[in-house]
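Novice: sequence-free structure coming up:
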Ligand code: HEM
């Protein structure tokens with residue numbers, strides 16, 4: 001029976017850990033990619049050109065087909081392989097409806113770091129046969145050279161890439177790539193190593209390496225030389241505050257720790273959350289030029305000094321939140337794809353700069369008449385790091401939209417980390433539109449290009465959508481305003497409280513400038529509620545409440561819960577009387593965006 005039809009269950013070794021931990025991988029991406037990769041394996045093997053029967057290559061494949069699979073056989077087999085002094089780079093099982101199964105192990109000789117000679121393969125085969133009746137084949141992993149990889153650049157020929165010493169068939173994965181089809185296709189037929197040196201989020205904490213390994217089809221006979229560390233594009237990134245919670249460092253993605261969140265309504269600059277897509281660009285402020293152009297404008301070029309001297313300085317207090325904030329809660333239902341943020345991918349600052357609308361209208365001549373006449377719909381921001389995003393022209397030009405070209409943050413010059421010399425602040429709108437290090441602003445009839453606007457990165461799908469083949473992504477609107485949000489910051493999950501009243505503190509915020517009208521807390525899963533006192537941020541202007549509102553409450557512990565585990569939950573209501581949904585399950589989406597369900601914190605009450 002073909003492997004594709006019976007690949008219903010798959011275990012994957014984390015190649016980087018190489019320990020005995022088996023990871024049961026249920027991600028949509030892995031499953032579909034793995035199923036397809038393995039179903040294609042046999043046919044590719046038959047047609048391969050440069051497979052060398054005698055050269056052991058860098059790894060070997062052990063295929064162990066058993067008639068009667070049983071629980072624990074995988075562990076027993078891996079023990080046998082370890083005793084044979086093998087590194088297990090990957091392990092998978094495909095099971096049929098009956099009790100037959102095929103175990104596939106990718107192994108490497110511990111001593112030589114290479115695949116196994118014919119003699120060693122025979123020994124391994126014999127050792128495995130002692131475990132269960134069935135057929136055991138051991139063979140070298142197919143070997144290809146870069147020239148073979150280069151021949152595979154279209155869906156018809158298969159889209160292949162190489163990474164270090166591996167060759168991968170990514171044909172079926174391309175449409176599901178979170179960074180967009182255009183970006184991944186840049187590497188079709190090539191080594192992805194140089195691309196991943198820039199986008200190092202792939203080799204950080206996420207699941208990209210595991211995904212890639214699931215698509216492996218062979219070894220690369222002429223791998224690129226090891227990275228030249230001195231050319232690391234991140235070597236000039238700024239020093240970072242050690243108190244941040246780092247998810248990645250290249251590029252940096254770090255969140256504000258809960259312990260520091262409520263210390264000040266304006267988050268201190270050094271502990272502001274960081275969400276980068278690239279290395280931090282180095283920019284001499286005297287050389288900085290901002291180009292403003294596009295349909296309905298007369299093109300202008302402005303220096304930092306022009307912005308400071310030719311326009312009134314404005315100040316706006318705004319909270320920014322990443323669209324993936326609280327993604328880790330959705331990951332608990334089923335792994336999504338992206339940084340597993342807690343609730344700290346948001347922070348607040350007083351931004352100083354000039355109104356974008358004043359630059360567009362008074363300097364570049366983008367009047368309301370021109371917007372109508374030239375059918376301008378979007379304002380596109382291009383960052384010097386090659387990030388690109390856009391917002392609707394209505395938001396950019398609204399006298400109440402408060403979109404800023406910011407050169408100050410909390411009274412200081414904008415730090416490099418946060419976009420110096422100039423960044424965009426789009427209050428009330430998802431963080432990714434607040435483009436840092438902005439070099440060009442363009443009025444356009446079209447949205448910005450790229451994965452962060454048109455790709456899947458910031459688009460919300462229904463919980464049913466687990467893979468994107470056949471879905472017209474362009475038709476799904478990209479995120480702009482964010483929904484109402486709140487979280488309990490204190491007490492911390494897992495802590496113990498002793499008093500009869502629990503002091504609970506947190507924040508609430510909503511997109512689109514909608515203020516917070518109420519925050520409710522419950523200790524009995526929403527049967528009864530206590531209303532919190534709103535603190536800093538409660539008096540912001542109608543529909544211009546761009547910053548978060550802090551809240552606190554003293555919640556009496558009922559006798560029935562004294563001395564027990566208690567789950568505290570909160571939900572906020574915004575000025576549109578929209579409130580947070582109860583459960584995360586109906587919010588689950590492929591990219592893990594917009595998680596704003598009731599926030600729950602479990603603690604223990606200690607009764608004296
Ligand atoms: C070939 C195998 C590849 C795999 C398995 C892969 C996988 C992934 C995954 C899982 C993510 C989400 C990461 C996260 O948000 O934490 C991602 C994002 C991304 N990928 Fe890839 N990728 C591949 C190739 C590439 C290539 C060759 C490029 C560039 C030319 C690229 C560019 C990007 C970009 C720009 C993002 C978005 C990063 C961000 O928003 O910060 N990827 N990829």
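Specialist: Happy to help now that I have it. The structure presented is a predicted model; accordingly, all values stated were derived computationally and were not measured. Numbers count the residues shown, from 1 in each chain.

Novice: and the residue of this protein nearest the ligand?
Specialist: residue 179 (2.4 Å; Cβ to the nearest ligand atom). For every residue, glycine as well, the C-beta is placed using N, CA and C.

Novice: was I right about that residue contacting residue 452?
Specialist: No: between residue 179 and residue 452 there is no contact under Cβ atoms under 8 Å: 9.1 Å.

Novice: hang on, the earlier thing: in which helix or strand would I find the residue of the chain closest to the ligand?
Specialist: For residue 179, there is no enclosing helix or strand under DSSP states H and E.

Novice: contacting residues around it?
Specialist: By Cβ atoms under 8 Å, 6 or more residues apart in numbering, residue 179 lies in contact with 199, 451, 455, 457.

Novice: for the third one, give me its contacts.
Specialist: Residues touching residue 455, when contacts are defined by Cβ under 8 Å, 6+ apart, comprise 178, 179, 180, 181, 182, 183, 473.

Novice: if I've got this straight, it is in a helix?
Specialist: No: counting by DSSP: H, G, I helix; E, B strand; the rest coil, residue 455 is not part of a helix but coil.

Novice: pull up the gap between it and residue 182, please.
Specialist: According to Cβ to Cβ, to the nearest Å, residue 455 stands 8 Å off from residue 182.

Novice: likewise the second one?
Specialist: Residue 451 sits at a distance of 7 Å from residue 182 (criterion: Cβ to Cβ).

Novice: who has more neighbours, those two?
Specialist: residue 451 (20 against 13; other Cβ atoms under 10 Å).

Novice: which residue sits closest to that one, ignoring its sequence neighbours?
Specialist: residue 180 (3.1 Å; Cβ to Cβ, 6 or more residues apart in numbering).

Novice: you'd agree that neighbour is up against residue 457?
Specialist: Yes: contact criterion Cβ under 8 Å: residue 180 and residue 457 qualify, at 7.0 Å.

Novice: which residues do those two both contact?
Specialist: Residues touching both residue 180 and residue 457 by Cβ under 8 Å, 6+ apart: residue 451.

Novice: between the two, who's got more neighbours?
Specialist: Remark: of residue 180 and residue 457, residue 457 carries more neighbours, 23 against 19, as counted by other Cβ under 10 Å.

Novice: for beta bridges, what are the partners of residue 425?
Specialist: With DSSP bridges as the criterion, residue 425 is bridged to residue 404.

Novice: how many other residues sit next to it?
Specialist: 24.

Novice: what residues does it make contact with?
Specialist: Residue 425 neighbours (Cβ under 8 Å, 6+ apart): 316, 318, 320, 351, 353, 403, 404, 406, 434.

Novice: the helices in the stretch 201-350 of the chain, which residues?
Specialist: 208-213, 258-261, 304-310, 327-331 (DSSP state H, counting those that start in this stretch).

Novice: which residues are contacting the shortest one?
Specialist: Here helix 258-261 makes contact (Cβ under 8 Å, 6+ apart) with 243, 267, 268, 271, 342, 343, 344, 489, 490, 492, 507.

Novice: tell me which residues touch the third one, please.
Specialist: Residues in contact with residue 268, defined by Cβ under 8 Å, 6+ apart, are 260, 410.

Novice: can you check the fourth one too?
Specialist: When contacts are counted by Cβ under 8 Å, 6+ apart, residue 271 is found next to 241, 243, 244, 256, 257, 260, 347.

Novice: change it to 10 Å
Specialist: Contacts for residue 271 (Cβ atoms under 10 Å, 6 or more residues apart in numbering) come out as 240-245, 254-257, 259-261, 263-264, 344, 347.

Novice: now do the second one
Specialist: Residue 267 is in contact with 256, 260-261, 273, 319-320, 344, 346-349, 409-410, 548, counting by Cβ under 10 Å, 6+ apart.

Novice: one more: the first one?
Specialist: Applying Cβ under 10 Å, 6+ apart, we find residue 243 in contact with 254, 256, 257, 259, 260, 268, 270, 271.
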